[in-house]
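J.: Starting from these lines, generate the structure:
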Amino acid sequence: MDRMVFEAAASGDESLIQALEEEGIDIHQVTPQTNTILHIAVRFNQKGVSKGVLRLNPSLLHQVNADGDSPLHIAAKIGNKDMVEVLIGGLMDIENQQAADLLRTRNLKEKDTALHVAVKNGHFDVAKLLMEKDAGLLDLVNDANESPVFLAVERGFLNIAQHILQHFPSSPCCGSNDMNALHAAVIRAHKARMFEYRAPDLSLEKFRRLLSSYLLHAGDQCINIGYRKGYQPTQMGGHGLAGKKDVLGWTPLHCAAHLGHLEATQLLLQNSSTRIAYLQDNEGMSALHIAAKQGRVNVMEKIINHKPDACDLVDNRGWNPLHVAIENTKLNAVRFILKKPRLESLINAVDNEGNTPLHLAAGRNKYSIITILVNDIRVHKKTQNHNFQKPIDLIRTNPNIGELFKASGLNHDA
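T.: Numbering: from 1, shown residues only. Predicted coordinates:
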């Protein structure tokens, strides 16, 4: 692109329009990244030059740069509503289908529409304008399978998310890694205070309202739209958004359990399918397993109070929550389970290899947990696993804890 043309477009020198019109300057010249004169004018917020260029050659609206970004993508990224209105105004003389195709143009790298770009950058006014112009943009997902509402929640732009859910409640909520907007809401609500200093109007209370008042209730309306090709909503088992699993098989309740997000756990249990506490991930772990793995005893108690029999679930290894707590050395979770009479069935349960929780502790160098279990009279200390080993056999053959255990005198009970 000629230097004088570039500088005129970037500075807003409207004499450029006359030069293009009367002096035969090539209006189609581009930069090395194939940005047109219109791209440059839009990037530098030069409204007058943009209008003039569009008047001379409306087809530049369709031309994309090396990244596949149209001028509308650039305007959406900058967040200049007036500029977006100028570009959309250039669609007035275009046949409806052509206009829709232009609005729905996707770039090359992320396959984002202009709406995705506006949402990613938190530009509410631009996003609102684009939705009003073409509500069908909300049905489109990018290359990462991210819908606009998912992006709004995942990035903490609650004003955009609330607007979509209030005015377009049937919009798809899908996101990356098979997550949905409810997964994102649970995660972001847990970290809400991180956003408060960045945007004071996005308070923790607003996150709570979003989580409880919008996504949980909008879930059944938007679950069936916009998922990857071949996905069958019936695989959800009728659990709505709260039961949708991500690529790991995690539901939003798994996320809440992992984070120790007590409020989200309660909301999900109260407002979702009665079977949500029973849903298991790709490894067979329920939300209760995840809470035990992280030592989130408050979450464990909330789940058990809601669904006492959730403790009966075992993962692909045959491990119950006590096995998992021991494997991850979560002493607080072990003590919690031992103190709960309703969880007594876990204490001597065996996994797929016949190992009780005490076997697992003995074979994993969990000396502190061994001590707790051996001192509990309910623990069976002579149970044999499928290799005909008792816990004491594993202790004696474990070079890391054998002598220490023997010296303690605890082996007399084994």
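
J.: What's the end-to-end length of stretch 269-280?
T.: 15 Å (C-alpha to C-alpha, to the nearest Å).

J.: Pull the distance from that stretch to the chain's centre.
T.: 19 Å (C-alpha atoms, centre = their mean, to the nearest Å).

J.: now stretch 96-112
T.: Stretch 96-112 sits 25 Å away from the centroid of its parent chain (C-alpha atoms, centre = their mean).

J.: what does the average pLDDT come to for it?
T.: Per-residue pLDDT over stretch 96-112 has a mean of 88.

J.: Mind listing what's buried along that stretch?
T.: Along stretch 96-112, these residues count as buried under the neighbour rule (16 or more other C-beta atoms under 10 Å): A99, L102, L103, T105, R106, N107, E110, K111, D112. To be clear about C-beta, it is placed using only N, CA and C from the backbone, and glycine gets the same treatment.

J.: how long is that stretch end to end?
T.: Per C-alpha to C-alpha, stretch 96-112 runs 21 Å from first to last residue.

J.: Next, the buried residues of the helix or strand hosting E21.
T.: Element membership for E21 (DSSP states H and E) is helix 15-22. Applying a neighbour-count criterion of 16+ other C-beta under 10 Å, one finds L16, I17, A19, L20 buried in helix 15-22.

J.: How about the contacts made by the second one?
T.: The reference is to I17. V49, G52, V53, R55, L56 (C-beta atoms under 8 Å, 6 or more residues apart in numbering).

J.: ok, now the third one?
T.: The neighbours of A19, taking C-beta under 8 Å, 6+ apart as the test, are A8, I25.

J.: E146 too?
T.: Contacts of E146 by C-beta under 8 Å, 6+ apart are H116, E154, C174, G175, S176.

J.: JSON lines for those, including secondary structure?
T.: Formatted as JSON lines, these follow (DSSP: H, G, I helix; E, B strand; the rest coil):
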{"residue": "H116", "secondary structure": "helix"}
{"residue": "E154", "secondary structure": "helix"}
{"residue": "C174", "secondary structure": "strand"}
{"residue": "G175", "secondary structure": "coil"}
{"residue": "S176", "secondary structure": "helix"}
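
J.: For V149, see how far away the residue nearest the centre of the chain is.
T.: Centroid-nearest residue in the chain, with C-alpha atoms, centre = their mean: A184, separated by 3.7 Å. Using C-beta to C-beta, to the nearest Å, A184 is found at 9 Å from V149.

J.: Pull the most distant pair out of the buried residues of stretch 96-112.
T.: A99 and E110 (22.6 Å; C-beta to C-beta).

J.: circling back: kindly export the helix holding E21 (C-alpha atoms) in PDB.
T.: The C-alpha coordinates for helix 15-22 follow below in PDB (Å, rounded to 0.1, in the frame of the first residue of the first chain):
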ATOM      1  CA  SER A  15      -9.000  14.400   0.900                       C
ATOM      2  CA  LEU A  16      -8.100  10.800   0.300                       C
ATOM      3  CA  ILE A  17     -11.700  10.200  -0.900                       C
ATOM      4  CA  GLN A  18     -11.400  12.900  -3.500                       C
ATOM      5  CA  ALA A  19      -8.100  11.500  -4.600                       C
ATOM      6  CA  LEU A  20      -9.500   8.000  -4.900                       C
ATOM      7  CA  GLU A  21     -12.500   9.300  -6.900                       C
ATOM      8  CA  GLU A  22     -10.800  11.800  -9.200                       C
END
